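In: let me see the structure of the following:
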Amino acid sequence: MIKLKFYGLGGQGIVTAAKMLSEAVSLYEEKYAIIVPAYGHERRGAPVNTSIIVDEEPVLLNSFVYDPDIVLVMDSSIIDKGIVISEGIHENSVLVLNTEDENVLALYKKYNFKEIYYVDGTKIAVKNIGRAIPNASMLGALAATGIVKIESVEEAIIDTFGEKAGEKNAKAARESFEQIKKM
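Out: Here you go, the predicted structure:
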């Protein structure tokens, strides 16, 4: 069982990203997944998080994730809003972060994740889809951790957004996957 927690701001596609991950592993990798979103004030810019559990066996647990194996942060400013992204992490927890800013990386390094993967998913999204919505590009970054195959992510993205928008978003995912860095 792999437990994930996605953090970001309303309007960045946090819940959509979780649904696409669930589809990627369920339809294209014959695994099981469940998502449990948590909406704050349900408005653009408000903190949002989503819990995801992925397993080889049917997931019978239907609750938030309190001890994540992987934390994905779509907006590094989330910690400025009082959100504690390291809550419940353990010595093997991994962080996937949307940034390439050295100052932000230094700030997040203090949380003592075992590994930190990072890429500027927003820049890649703007380049490929023309909008600062990093959900698809950050799923590509997540694929670099090995939890899901990039091909499965691309298929789920195309299923979700349709052919035209899906191809652009899948390209953003692939680009993030290929540009990911690890510290």
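
In: helices and strands around the lowest-mean-pLDDT helix or strand in the chain, which ones?
Out: When each helix and strand of the chain is scored by mean pLDDT, DSSP states H and E, strand 32-39 comes last, with a mean of 88. Secondary-structure packing of strand 32-39 (3 or more CB pairs under 8 Å, 6 or more residues apart in numbering; DSSP states H and E): helix 14-28, strand 47-55. In short, each C-beta sits where N, CA and C put it, glycine included.

In: switch the ones you listed over to TSV; also include mean neighbour count, distance to Asn62 and mean pLDDT.
Out: Below are the helices and strands packed on strand 32-39 laid out as TSV (neighbours: other CB atoms under 10 Å; distance: least, CB to CB, whole Å; pLDDT from 0 to 100):
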stretch	mean neighbour count	distance to Asn62	mean pLDDT
helix 14-28	22	13	95
strand 47-55	23	9	94
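
In: nearest to Val104, out of these?
Out: Comparison of the helices and strands packed on strand 32-39 against Val104 by CB to CB identifies strand 47-55 as nearest, at 17.0 Å.

In: could you list the low-pLDDT ranges of this protein?
Out: 39-43 (pLDDT under 70).

In: now do the contacts for the residue nearest to Thr16 when sequence neighbours are not counted.
Out: Of all residues not flanking Thr16 in the chain, Asn135 sits nearest, at 5.4 Å (CB to CB, 6 or more residues apart in numbering). By CB atoms under 8 Å, 6 or more residues apart in numbering, the contact list for Asn135 reads Gln12, Gly13, Ile14, Thr16, Ala17, Met20, Met74.
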